[in-house]
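Novice: A structural model of the following input is requested.
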Amino acid sequence: MDVSLLKYLNSTEEYLAFLCGPKRSHLFLPMTLVYALIFIVGVTGNLLVCLVILKHRNMKTPTNYYLFSLAISDLLVLIFGMPLEVYEMWSNYPFLFGAVGCYFKTALFETVCFASILSVTTVSVERYIAIIHPFRAKLKSSRKRVLKILVILWTFSVLFSVPNTSIHGIMLQYFPNGTLVPDSATCTVVKPMWIYNCIIQATSFLFYMLPMGVISVLYYLMGLKLRQDKSLETDEMSMNIQRPSRKSVTKMLFVLVMVFAVCWAPFHIDRLFFSFVLDWTEPLANVFNTIHVVSGVFFYLSSAVNPLIYNLLSRRFRSAFLNVMPLHCKSWNIKHPADGVPPQRSRYILGHRSLVDSAEDVSPPCTHRTSVCSSHLSTVL
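Specialist: Predicted coordinates:
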């Protein structure tokens, strides 16, 4: 027996704290309050997004199906993922849901993470095609095609979640004499850490760095196209709605992508930091713990902020939101008609510009936290 362990063997609680860190996070109360606020805003907003798309026929467009899918993914992570994380901050061990619960938790976060970035990338690519190749976009745009893309997107997300899910499991702790430590079960990595490190580094590159690089190039090219198109001024004079519609949709997508990038950056920094550091010191552990807390807040914030952006940047969504709100919200809307009445789409066709602007207001949300052994990784340190 290591002499340094003797002082931790006075009680089971002290020994578990030595092996697994404190049972309850010292940030439990403030983080619970922050998460509760994010939960209320996020669940309410994403339910409204789903409701307006299902209720309003004019909102059932191919591009809005992406929004519906992403709202569902946000709801999954908020309803199933956030309570689990809050519970683990309150009681880091034992993990009460067994191996199946551990696999479900890891697979849920991984799948939603991958589905979010793939959806953001897909919507950005389709917007690029609509700006650069409008006739091709018009020919290919259909609800059936979008549904097929969504099925493929979610299938790939589930498949890519398997590697990280498969290396997780229930870990039990034992006393030096070989007996089991009661209530020591944790959901964590049970395979060699080099496998976990390789998976994290590969997925961070494939599902964050590479897509964000592609998206940045696409929006740069779209910006050049919009600035170089001299005929926009003529269109604006003859059909006032076209230029604002074309540029406002692109602007909203750009804002949402930037929000997505900011919200998910701490999350990937957190995972990469843990995967690259081999020799931990107390200063490194303190830095990691800080990043871990920040990444959790921004991760769940990404699931709540998208409906707010829809409301701020899309008059169509704002009007639809108000239509499904209670009566007092509708009466407020009557007093402020400019905020809720969307412009009517012109029926005139002026060349390819009408094809570009036929798309509805679309916007990809930013969603969702992958398992990095959750809060117990930081508490171990």
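Novice: model confidence for M89, exactly?
Specialist: Among the per-residue scores, M89 shows a pLDDT of 86.
Novice: I figured it hits H26, correct?
Specialist: No: the pair M89 and H26 does not pass the contact test of C-beta atoms under 8 Å, sitting 9.6 Å apart. Every residue, glycine included, has its C-beta placed from N, CA and C.
Novice: which one of the two has more residues nearby?
Specialist: M89 (22 against 10; other C-beta atoms under 10 Å).
Novice: so what's the closest residue to L78 other than its chain neighbours up against?
Specialist: When the adjacent residues along the chain are set aside, L78 lies closest to G42, with 4.8 Å between them (C-beta to C-beta, 6 or more residues apart in numbering). For G42, the contacting residues are D74, L75, L78, Y300, S303, A304, P307, by C-beta atoms under 8 Å, 6 or more residues apart in numbering.
Novice: burial measure for the fifth one, as a count.
Specialist: This points to S303. Counted with other C-beta under 10 Å, the burial measure for S303 works out to 33 neighbours.
Novice: and the host helix or strand of L308, how far from the chain's centre?
Specialist: Secondary structure assignment for L308, by DSSP states H and E: helix 282-313. Its chain's C-alpha centre lies 10 Å from the corresponding centre of helix 282-313 when counted by C-alpha atoms, centre = their mean, to the nearest Å.
Novice: avg pLDDT for that helix?
Specialist: When the per-residue pLDDT values of helix 282-313 are averaged, the result is 86.
Novice: just the buried residues of it, please?
Specialist: Taking 16 or more other C-beta atoms under 10 Å as the neighbour-count basis, helix 282-313 is seen to contain the buried residues 288-289, 291-293, 295-296, 298-307, 309-311, 313.
Novice: which residues touch F68?
Specialist: Contacts of F68 were listed using C-beta under 8 Å, 6+ apart, and they are V49, C50, I53, L54.
Novice: ok, and what's touching stretch 44-52?
Specialist: Counting contacts by C-beta under 8 Å, 6+ apart, the residues outside stretch 44-52 that touch it are 59, 67-68, 71-72, 74-75, 78, 303-304, 306-308, 310, 317, 320-321, 323-324.
Novice: ok so, going back, secondary structure element for the residue nearest to L78, which one?
Specialist: Counting by DSSP H and E, the element that carries G42 is helix 28-55.
Novice: which SS state does the closest residue in space to L312 that isn't next to it in sequence fall under?
Specialist: Residue nearest to L312 in three dimensions, not counting chain neighbours: R318, with 7.9 Å by C-beta to C-beta, 6+ apart. The three-state assignment at R318 reads helix, by DSSP: H, G, I helix; E, B strand; the rest coil.
Novice: for P134, see how far away R318 is.
Specialist: Plainly put, R318 is 26 Å away from P134 if you go by C-beta to C-beta, to the nearest Å.
Novice: then L172?
Specialist: 60 Å.
Novice: those two: which is more packed in?
Specialist: Each of L172 and P134 has its neighbours counted (other C-beta under 10 Å); P134 has more, 20 against 13.
Novice: just the pLDDT for that one.
Specialist: Value for P134, per-residue pLDDT: 71.
Novice: go on, the one 5 residues further on?
Specialist: Per-residue confidence at L139 stands at 56 (pLDDT).
Novice: now the one 3 residues further on
Specialist: According to the per-residue confidence, S142 scores 71 in pLDDT.
Novice: identify the residues contacting it.
Specialist: Applying C-beta under 8 Å, 6+ apart, the residues contacting S142 are P62.
Novice: just the one 5 residues further on next, same as before
Specialist: With contact taken as C-beta under 8 Å, 6+ apart, L147 is in contact with Y65.
Novice: with the contacts of G42 in mind, which one is nearest to V189?
Specialist: Nearest to V189 among these is Y300, at 22.4 Å by C-beta to C-beta.
Novice: residues contacting the closest residue in space to the closest one that isn't next to it in sequence?
Specialist: Nearest in space to Y300, with sequence neighbours left out and distances taken as C-beta to C-beta, 6+ apart, is I38 at 4.9 Å. Contacts of I38 were listed using C-beta under 8 Å, 6+ apart, and they are L78, M82, V297, Y300, L301, S303, A304.
Novice: how far away is I38 from F299?
Specialist: Here the criterion is C-beta to C-beta. By it, I38 lies 10 Å from F299.
Novice: right, and the pair among the contacts of G42 with maximum separation?
Specialist: For the contacts of G42, the farthest-apart pair by C-beta to C-beta is Y300 and P307; their separation is 13.9 Å.
Novice: can you point out the buried residues in the helix holding G42?
Specialist: Neighbour counts using 16+ other C-beta under 10 Å place 31, 34-35, 38-39, 41-43, 45-46, 48-53 of helix 28-55 among the buried residues.
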